[in-house]
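> After the sequence you'll find the predicted model.
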Amino acid sequence: MLHALVLLPFAIAAAVALLPNTARNATAWLAGLTALAGCALLGVAAPAVFAGDVLRASVPWFAGVAFGFRMDGLAFTFALIVCAIGALVVLYARYYLAAEDPPARFFAYLLAFMGAMLGVVLADNLVLLAVFWELTSITSFLLIGFWRYRADARAGARMALAVTGGGGLCLVAGVLLVGHIVGSYDLDRVLAAGPAIRAHSLYAPALVLVLLGAFTKSAQWPFHFWLPNAMAAPTPVSAYLHSATMVKCGVFLLARLWPALGGSDLWFYVVGGTGLVTLAFGAYVAIFQQDLKGLLAYSTISHLGLITLLFGLDTPLAVVAGVFHVLNHAAFKASLFMAAGIVDHETGSRDMRQLNGLWSAMPITATLAMVASGAMAGVPLVNGFLSKEMFFTEALAVDAHRAVEIVVPVVAMVAAAFGVAYSVRFVHDVFFNGQPVGLSRTPHEPPRWMRIPVEVLVVVCLAVGIFPAVTVGPLLAVAAASALHGPLPEYSLALWHGVNLPLAMSVIATVAGTGFYFLLQKALDLHTVPRLPLDGKRVFDAIMAGAQALAERVVRMLPHGSLPRSMAWIVAVAIAAAAWPIAETGFGGASVAQTPGGPDAGVGLIGWIIWSLGIAAALAATLRYRQRLTALVFVGAAGLMVSLAFVLLAAPDLALTQLLVEVVTVVLMMLVLHFLPQTAPPELQGWRKICDAGIALAAGVGIALIVQAVLARPADPISPYYLEHALPAGGGTNVVNVVIVDFRGFDTLGEIAVLGIAALIVHALLAGFRVPASFRPDTPVPGWNPLLVKVVARTLLPLAAMVAVYLLLRGHNLPGGGFIAGLVLASAMILIRVAGGSALPPATRFVHPVAIGAGVLVAGVTGLGSAALGYPFLTSAFGHPVLPVVGEVPLASAALFDLGVFLTVVGATMLTLLSPGVLAAAPAAVARTEGA
Amino acid sequence: MTAWLIASGIGVLTATGTWLLLRARTFDVPLGLTLLSYAVNLFIVAMGRVGPGVPAIVRAGVPPSLAHYADPLPQALALTAIVISFAMTALLLALALKARFVNDSDLCDAPVDDASPAQDVDPAPGRVGSFAR
Amino acid sequence: MTPDHLIVAPILLPLLVGALMLVVERYRPDVQGAIAIAATVALCAVAIALLQRAAGDEIGVYLLGNWPAPFGIALVADRLSALMVAMAAGVALAALVHAQSRWARCGPHFHAFFQFQLAGLNGAFLTADLFNLFVFFELLLIASYALLLHAAGGRALRSGFHYVVVNLAGSSLFLIAASLFYALAGTLNLADLAVKVAAAPAADAGLLRAAGLMLLVVFALKAAVLPLGFWLPDTYGAAPAPVAALFALMTKVGVYAILRTTTLVFGPDAGPVAGLGGPVLYALGVGTIVLGALGALAAPRLKGIVAFLVVVSAGTLVAAVADGTAQTLAGALYYLVHSTLAAALLFLLVEAIARQRGATGDRLWSAAPVAQPALLGLMFLGAAAAIAGLPPLPGFIGKLGILAATVDAPHAAWLWTALLGSGLVAMIALARAGSRIFWKVRQPQPDPAAVRVGGGELAAIAGLAGAVVALAVFAAPAQQYAMATAAQLLAPRGYIERVLGAPPVTRRAAVAVAGEGAR
């Protein structure tokens, strides 16, 4: 049943959202009935609750958190407020909303809020409470922003979300701490663990975080400012969320957790102090509002402060009084908001400088408003009076430092006087005090049904005010009992307690307040009072703007967008990562190179020559980097030296590959360079070069030291296994190749895929791309077709083809293999084309992406063959079948794999090189046509 | 001595490569990366130690140990690395070329400007054959 | 025993389908989409099967080429790998369905690239070999370059160049680190590496730690941890929607690699490299959260906000992983799934929104209202709440898990402040964006040229949204899986023994005919 109570509004909200906005009555009926259904469910639960037991219903949700609900007196009371006032608000809103306001959206939001609110009050564990807590923030954001075209609505909505949502996050943190202390989020266990919590070292942070949540939600000073700005919402929303229910979440939380968190000096001073300040501040500021709803908003702040103060006073009786005032305030403030809404609705204005003397126009509404403001002011016969009396009693009963014992009652009385003052102003300024000023329409009574909700609430105020014991007595009893989580204190609900100090204070406050108001009207016409200088909104906006500016400055400092700067970061971090531990522990190990084959095997003079040439080339490339062609040549030279170095390091396959890749890369770079500026402009910032040089130097030295240190160590790798098994198990003597196509064939499969994709990207980027005709290369295509090259190339091709096939076949046993073979063939064919002159046909004439796909497929399917035989992917098999004539041929499945590699490499290389090659043709063609 | 030669060689290649990598022009960067990849490939092979200087092509009668052959594994890894870095360089060059005409600058340290719609992704459905202009 | 091909399938299926696409593209371009979707659905099926098996705490090992570990390349499907593969498959399916509406036709080879990307991702998640991990990183990176440049304008060209170069630098560093590990430990297999490193002589400690840290730098770069993650916002900002959605997985690859190595190789009993990088990663993670949040606040475009929130989630994950207790890891794993799904969903939504606002696109200026305010507005509200970590969506549950697990952790205050603060900032930034896009409209009527959300796009969006909701509703089983995964990660012995003890398939007579050398 409890789940139904909470989830029903959400379900109906979804249904309502689907209705067309033309269905005004249908949406309103659905919403209203949902609220009434809620009341009915509460009626069903009432007997049990009044009998004092606690209803529970729970289904597990996630670790340590159940999706469960728990209804005791306090929860019941708040749920009743939510549903009852909800029903009235729906009725009211049905007539309040204008024709152009989409009712489906409005009621869907409203119902969602109702569900979230019920969730907050009924949740049986703190996490679930926080969940629904944030949901109320979100729904309130949507409702405040309902009139989306109004700037103040948007701003108010975002402010409310930022403040209450932020508070909600604090609440989450606080809840987590409490749960950590108690060992459970379960409300029953938390409420029972009060002493343990107060004794724990995390009590203070937990309390403060929870209170931040409560204070932001209940608009306590200094977080109060969002509430007046939330008045941009439609009045039903203000009446419902921002006076009767949502803003009560905070004080509800105080009541709920009082047994667990209350009863400490910290609680007394923080909660009580905040409440006291808010009470007085709100009441004072309310007097000077010009906006009807602004006045009510600050009055709400003040009353919330009063309730907070009561819970802060930290005595059972104060808690009773607090709960009581929650009920009373809900009743009279909701009716006042609705009355204000009626005034707004019928006059088109909420400005008290325009609204005067409406008594003649709408006497009934005026009467209702007067009774309600009587309750707000706390005059006898209306409910506000009773809780105010209790409040005074408690204020007088404060037992703390002497000063506190004086300050609290005095401030309480002064605030009460202010309360009377703004209540009087509300009545006097709107319904009397001259004639209306420049209203857009002529005021009159609202539609019958729009006034019903107000009348109901006012009747409640009177009933409670005159016969408290019979009307509200039982409800208050169960609510207070469960709030106290213990026995009820002695208290009497009666209109008349005889002449006592609280009564005297009431009288003084009433008289003084009334006098104060008329004094103000006389002395300085309240209509001319400007807005208060210190406005919370301005502070908030300033903070927001500040954060924004800070963020933008920081982000500008980040090097995102600038490649060199983020590269510098990355290199620097990498160096630091390597240097740090080495700096800690040093390189360790011996310092002299001890290599198995004796020192310097095979490296003598040649080694020195290669070394010096390579280094010279690298340095030259760097120093000459602005002359790009030159730099490119030097880089090529360095690469050549590297491949020679590989020869010395007994890596023939590597040397061959490096050499071929070198050729292809350089050709490609030349083709591309043709379209780029031939010279780089001088650096703008010299310092940049310097610090780059620093970074580069550090990197170089660092890596050199690492190599030095490693080479000085003995090695014990897994590779002897490969030397051992290459021939018997892999069927090849060239271990490197066997590793590539067999032991680690999977790497190779991925590698050719990478190569293929790169080629496809190049092709996709450049194919069909036309260089703008206006483009003039800085230099003509570098001298490509001297006769010699042509002749050499022509003779080279068939040779190259043969060499390629040979390399491919023998690769498994001698240096070579699919990759090298592929490169040989491809580069030879490229050379032909290049030598053939500038007019290159499109790449696809020679090779199509299909070749790449086919290559990968061949390799992959070869691997699958073994899977068909019940072996893992890429398991190789080989044999030496004897063919007639030819004789024995080595045949390994790995060779087939290598064929796939070969295919891919040929396809990819040619695609890569020819794509820019096509472009190279374009400008030449342009030049020719112009020549003709 | 060999160790020192290799180490210093790799060091110089790394330093020069890194410095070029930090330039702000689209052509210098691939140059730098090429030098850097030389350094890395040498580094990988060096990590297998210098060894006896005999290629890892098994011959009958020679015991299959690192005392008689160079370590084949780092060589295989370096082969893969070479191929991949070649692929990446090619891609990078094509990018540099295209970017020069589309953005009509070969700078690569300007942040993308969020305000100008000109730089937005602008798909034209149905166009197959090439990436957008 | 017969090899369990299910483990290699998530790599081979997309790899071969991708290659096939290049052929199909030539001869039957019309059936590409169908094949691609069929293949991806099949991939999802495979992934789910793997997930179910892993849920039984079974660690599947696959010896490629039938070579015993550590000599060949081994694939391992444990709980974590299975989870990542399943997540990738799901997001990929959504992105692919979404792409059918338009993007797949905006450039050549889209489907091939897409499948190759998947092969790369799954390979990275499944391989147990350091160098093979490098290869798959390259595969998924180059495929991602291709997808990023897919139908791209100058913006993507520039940020693409940036992205490529940054990752190439990362690759070089990866090679250096990996080969340094080989030089010192003499192996590349992660399990073997864990054993050898733990037994390494003290003299090698410095170099080993250096190698390890360099490796972590590479992974942090992929995970977009600042100060290495500057490439991410522009890159994602330039990517087409389905690609950006797929990219939501990319940062997770880095997180995965960090998680894998820190638990397997740099675990508590790893001798000289025990607990490597923990404090640094924690600090970097927290810093990343802060900077990411500021970035989201400053971003002038909705897509920028989302991209920076991806950075925030990366920071959150790295910090949580660095904290490293079982509870924190469990929370992190749950949060990882959520943040991936939520980010993907938002990227898809952002484009749908941008396309309906004319030239203004996703810039946070007031412009024409979107053509489908109810649908997009509601979806955006939900997705924004999810990624901002608002209840009751999984972002909240995940953050809650991490926070609750770190109450007693050292320096917990930093993480708490950063996490909650970033949540608030995300809320503020997204609320501002939402109110400017959906509320502050310049004209009553939407742009007549507005492109309405296509069927495939809607399906993808709905699917991802459903997944997010399901993750919240079924939080309990999800958390149990995460918890068990964390436990498995923190007990690497099982992984190591399974890998090094995995027997090759014994030779069978049937094959002897094919070749006497067959093993």
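The structure has been received and is ready for your questions.

> where does residue 52 fall, phi/psi-wise?
Chain wasn't specified; assuming chain A. phi 90, psi 0 (degrees, to the nearest 10).

> try again with chain B
The phi/psi pair for residue B:52 (degrees, to the nearest 10) reads phi -80, psi 0.

> what's the burial count for it?
18 (other C-beta atoms under 10 Å in any protein chain shown). C-beta: built from backbone N, CA, C; applies to glycine.

> cool, and residue A:60?
Count around residue A:60 with other C-beta under 10 Å applied: 12.

> can you give me how far the helix or strand that contains it is from the chain middle?
Here residue A:60, judged by DSSP states H and E, is contained in strand A:55-62. For strand A:55-62, the separation from the chain centroid amounts to 29 Å (computed by C-alpha atoms, centre = their mean, to the nearest Å).

> what about the longest helix seen in chain B, average pLDDT?
In chain B, assigned by DSSP state H, the helix with the most residues is helix B:72-102. Helix B:72-102 shows a mean pLDDT of 88.

> That one packs against which elements?
With contacts taken as 3 or more C-beta pairs under 8 Å, 6 or more residues apart in numbering or on different chains; DSSP states H and E, helix B:72-102 sits against helix A:652-673, helix A:720-730, helix A:735-738, helix A:745-766, helix A:893-931, helix B:28-46, helix C:130-148, helix C:154-185.

> quick one, strands of chain A?
Assigned by DSSP state E, the strands in chain A fall at A:55-62, A:65-71, A:878-879, A:882-883, A:887-888, A:891-892.

> Confidence-wise, which helix or strand of chain A is lowest on average?
Lowest on mean pLDDT, DSSP states H and E among the helices and strands of chain A sits strand A:887-888, with a mean of 46.

> Now do residue A:695, the pLDDT please.
Reported pLDDT for residue A:695: 91.

> Run a quick check on it versus residue B:22, I expect a contact.
Yes: applying C-beta atoms under 8 Å, one finds residue A:695 in contact with residue B:22, separated by 6.9 Å.

> more neighbours, the two?
A side-by-side neighbour count of residue A:695 and residue B:22, using other C-beta under 10 Å, places residue B:22 first with 24 against 21.

> thinking again about what came up before, got any residues that touch both of residue A:695 and residue B:22?
Residues touching both residue A:695 and residue B:22 (C-beta atoms under 8 Å, 6 or more residues apart in numbering or on different chains) are A:568, A:571.

> and residue 375, how many neighbours does it have?
Going with chain A. Residue A:375, neighbours per other C-beta under 10 Å, totals 31.

> Sorry, I should have been clearer: chain C.
Residue C:375: 17 surrounding residues under other C-beta under 10 Å.

> before we move on, what about residue A:264?
Residue A:264 has 17 nearby residues by other C-beta under 10 Å.

> what are the phi and psi angles of it?
phi -140, psi 160.

> For it, give me its contacts.
A:198, A:203, A:207.

> just residue A:508 next, same as before
Residues in contact with residue A:508 (C-beta under 8 Å, 6+ apart) are A:413, A:417.

> backbone phi and psi for residue C:370, please?
Taking degrees, to the nearest 10 as the convention, residue C:370 sits at phi -70, psi 160.

> what about residue C:497, which helix or strand?
helix C:493-501.

> which residues are contacting that helix?
C:59, C:61, C:69-70, C:74, C:76, C:78, C:128, C:189-192, C:194-195, C:264, C:488.

> Stretch A:341-352 now?
A:92, A:96, A:235-236, A:238-239, A:289-293, A:295, A:340, A:354-355, A:358, A:361-362, A:365, A:425, A:429-430, A:436, A:439-441, A:443-446, A:450-451, A:454, A:527.

> pLDDT score for the residue nearest to residue A:3 when sequence neighbours are not counted?
Nearest residue to residue A:3 in three dimensions, chain neighbours excluded: residue A:57, at 5.9 Å (C-beta to C-beta, 6 or more residues apart in numbering or on different chains). At residue A:57, the pLDDT value in this model is 91.

> now swap in the one 3 residues further on and tell me
The pLDDT attached to residue A:60 in the predicted structure is 90.

> residue ranges of the helices in the stretch 251-400 of chain A, please?
A:265-287, A:292-313, A:316-347, A:363-377, A:383-396 (DSSP state H, counting those that start in this stretch).

> Make JSON lines from the ones you listed and add mean pLDDT and distance to residue C:21 to it.
Formatted as JSON lines, these follow (pLDDT from 0 to 100; distance: least, C-beta to C-beta, whole Å):
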{"stretch": "helix A:265-287", "mean pLDDT": "93", "distance to residue C:21": "66"}
{"stretch": "helix A:292-313", "mean pLDDT": "94", "distance to residue C:21": "64"}
{"stretch": "helix A:316-347", "mean pLDDT": "92", "distance to residue C:21": "64"}
{"stretch": "helix A:363-377", "mean pLDDT": "92", "distance to residue C:21": "74"}
{"stretch": "helix A:383-396", "mean pLDDT": "91", "distance to residue C:21": "76"}
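
> Chain neighbours aside, what residue packs nearest to residue 393?
By default, I'm working from chain A. In space, and not counting its chain neighbours, residue A:393 is closest to residue A:502: 5.0 Å by C-beta to C-beta, 6+ apart.

> Correction: the question concerned chain C.
Per C-beta to C-beta, 6+ apart, closest to residue C:393 is residue C:386, 4.2 Å.

> Make sure that neighbour is actually in contact with residue C:394.
Yes: the pair residue C:386 / residue C:394 is scored as a contact, 6.8 Å apart, by C-beta under 8 Å.

> hey, what's in contact with both of these two?
In contact with both residue C:386 and residue C:394: C:338, C:342, C:468, using C-beta under 8 Å, 6+ apart.

> Now the last one: which helix or strand?
Assigned by DSSP H and E, residue C:468 falls within helix C:455-473.

> What is that helix packed up against?
helix C:79-100, helix C:241-247, helix C:326-355, helix C:373-387, helix C:394-405.

> Repeat the analysis, applying 7 Å as the threshold.
For helix C:455-473, the packing partners by 3 or more C-beta pairs under 7 Å, 6 or more residues apart in numbering or on different chains; DSSP states H and E come out as helix C:79-100, helix C:326-355, helix C:373-387, helix C:394-405.

> what's the second one packed up against?
With contacts taken as 3+ C-beta pairs under 7 Å, 6+ apart, helix C:326-355 sits against helix C:79-100, helix C:241-247, helix C:250-264, helix C:302-323, helix C:373-387, helix C:394-405, helix C:455-473, helix C:475-490.
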